[in-house]
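A.B. asks: A predicted structure for the sequence below; I have some questions about it.
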Amino acid sequence: MKKIYRLKLQRDFDNVFKNGRNATADGLTLKYARNELKHCRLSEIISKKTAKTAVQRNLLRRRLKEIIRTEYLGKLSNWDMVIIVRPELLKKNFVELKEVVRLVLEKAKLI
């Protein structure tokens, strides 16, 4: 995913957590808030309690970014999003993960 689509600055995270809304589905929590840009920005939070090894955390992070990039990047605009992963998501394969992402985006009414 290109750098312009990444949520990086602490003030942007603070804005999402302070002023944003959230939606949850099957171990995935999405916190989202409007931004002033013409594109969306995304970040993932996967704690060491959720996935013990860096390999697991990075695999999940890459899968989530790929799902958003291929399926929803053109449909999402003007949103800052933070995806928080819970342990039950580790057991899901790529297809099931796609379904969970779709569900949480529909609950949030972003697609």
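C.D. replies: Happy to help now that I have it. Numbering: from 1, shown residues only.
A.B. asks: Going by C-alpha atoms from here, please, whenever you check contacts or count neighbours.
C.D. replies: OK.
A.B. asks: list the contacts for the residue nearest in space to the middle of the chain?
C.D. replies: Nearest to the geometric centre of the chain sits Ile83, at 3.1 Å (CA atoms, centre = their mean). By CA atoms under 8 Å, 6 or more residues apart in numbering, the residues touching Ile83 are 28-31, 42-45.
A.B. asks: Check those residues against Leu105 and report the nearest one.
C.D. replies: The closest of the contacts of Ile83 to Leu105 turns out to be Leu30 (CA to CA; 7.9 Å).
A.B. asks: so that closest one, which of the three states?
C.D. replies: On the three-state scheme (DSSP: H, G, I helix; E, B strand; the rest coil), Leu30 is labelled strand.
A.B. asks: And Lys38, by the same measure?
C.D. replies: Assigned with three-state DSSP, Lys38 falls in the coil class.
A.B. asks: From what I see, it and Leu76 are in contact.
C.D. replies: No. Counting by CA atoms under 8 Å, Lys38 stays clear of Leu76, with 9.4 Å between them.
A.B. asks: the more surrounded of those two?
C.D. replies: Leu76 (17 against 10; other CA atoms under 10 Å).
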